[in-house]
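Engineer: Got a predicted model here, sequence first, then my questions.
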Amino acid sequence: MILAGFLLLAVGAVDLVRQFAARRWIGYLVVAVLLLVLGSVSDALLAMLAALVVGALWVWCMPDDRPSPAGFWPAVLLGLVSAGAVVTLPERSGAGLIGEVWHLDSPVGPISVDLAVLVVGAAAFLLESANLVVRAALDGEHTWRPVERRELDPTRADAEGADAVASTAEPTAAVDRRTAFQGGRLIGPLERILVLMLTLAAAYPLLAAMLAAKGIVRFPEISRGRETGARAEYFLVGSLVSWVIALGAAFLVWWSANS
């Protein structure tokens, strides 16, 4: 369990640091030091070292300023490894120095150090890393992106659906991929955190209502691309990938808490 928590925490932390374009190497160094200290005091240094290696590989495989060379497959591999670690590796009986002073209760019982690390790691991954996975999925399926089509090539009309917005777009300069989806980069993490919380709380009616409400709110925008279905494809691919990630994180936490 602790291995999965550290893997997700390392990946989520480096992706949060990547939001600061200037001197991000300082952020990487700070993250590495803090995680090494955490691994030392929790008697899980080997797991933390493995997590740091995975975090470095993640930065290389999942860039935030260009399409991922490996698509979203690094995320699939990370998910399989994390799930395998949670299912096959039992919770530890001791947690080093921090375990001696750790005490945290919840409505469902005491929360161990390993479970707390997993919850924090899953939350960190859902905040920004999941955005990169969704983007890689859209790129891998060559799914039309409204913002990038409008700003990068407003006059292009092709079978992917760019003609649906060409008539209303104004020519602009090339856009930085990191700033193309400011609204989505906030809505996506909030949505995934809510999916995680509602799933763990077994509030399935509320979860279904929230997901349905998103479709209703986005329906006017989706319907404008009904000639090609490009907007619907964009919405479905992005939303489904995002929900699968959140539900996968909820499964890891649920299994760890009940095993």
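Structural biologist: Received the coordinates, thanks.
Engineer: Let me see the ranges of the helices in the chain.
Structural biologist: 2-17, 24-41, 45-61, 73-88, 96-101, 113-124, 130-140, 146-152, 163-166, 182-200, 204-223, 230-258 (DSSP state H).
Engineer: Would you mark the buried spots in the longest one?
Structural biologist: Translated: helix 230-258. Using 16 or more other C-beta atoms under 10 Å as the test for burial, helix 230-258 gives 230-235, 237-239, 241-246, 248-253, 256-257. Quick note: C-beta positions are derived from backbone N, CA and C, even for glycine.
Engineer: which residues touch the closest residue to Leu126 other than its chain neighbours?
Structural biologist: Excluding the flanking residues, the one nearest Leu126 by C-beta to C-beta, 6 or more residues apart in numbering is Arg192, at 4.2 Å. Counting by C-beta atoms under 8 Å, 6 or more residues apart in numbering, Arg192 touches 126, 130, 242-243, 245-246, 249.
Engineer: Quick one: mean pLDDT for stretch 130-141?
Structural biologist: Average pLDDT, stretch 130-141: 85.
Engineer: chain center to it: distance?
Structural biologist: Distance of stretch 130-141 from the chain centroid (C-alpha atoms, centre = their mean, to the nearest Å) equals 10 Å.
Engineer: Using PDB, write out every CA atom in it.
Structural biologist: Provided in PDB are the C-alpha atoms of stretch 130-141 (Å, rounded to 0.1, in the frame of the first residue of the first chain):
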ATOM      1  CA  ALA A 130      -4.900  13.500 -14.500                       C
ATOM      2  CA  ASN A 131      -5.200  16.600 -16.700                       C
ATOM      3  CA  LEU A 132      -2.100  15.500 -18.500                       C
ATOM      4  CA  VAL A 133      -3.600  12.000 -18.900                       C
ATOM      5  CA  VAL A 134      -6.800  13.400 -20.300                       C
ATOM      6  CA  ARG A 135      -4.900  15.600 -22.700                       C
ATOM      7  CA  ALA A 136      -2.800  12.600 -23.900                       C
ATOM      8  CA  ALA A 137      -5.900  10.600 -24.400                       C
ATOM      9  CA  LEU A 138      -7.400  13.400 -26.600                       C
ATOM     10  CA  ASP A 139      -4.200  13.700 -28.500                       C
ATOM     11  CA  GLY A 140      -3.900   9.900 -29.000                       C
ATOM     12  CA  GLU A 141      -7.400   9.700 -30.400                       C
END
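Engineer: Just the buried positions in that stretch, please.
Structural biologist: For stretch 130-141, a neighbour-count test (16+ other C-beta under 10 Å) marks 130-138 as buried.
Engineer: tally of neighbours for Leu36?
Structural biologist: Neighbour count of Leu36, defined by other C-beta atoms under 10 Å: 15.
Engineer: you'd agree it is up against Leu45?
Structural biologist: Yes: Leu36 is within contact range of Leu45, at 7.5 Å (criterion: C-beta atoms under 8 Å).
Engineer: Next, the contact list for the residue nearest the centre of the chain, please.
Structural biologist: Geometric centre of the chain, nearest residue: Ala130, 1.7 Å, by C-alpha atoms, centre = their mean. Neighbouring residues of Ala130 by C-beta under 8 Å, 6+ apart: 188-189, 192, 242, 245-246.
Engineer: from those residues, which two are the most distant?
Structural biologist: Using C-beta to C-beta, the contacts of Ala130 span at most 10.7 Å, a distance reached by Pro189 and Ile245.
Engineer: Pull up the overlap in contacts between those two.
Structural biologist: By C-beta under 8 Å, 6+ apart, the residues touching both Pro189 and Ile245 are 126, 130.
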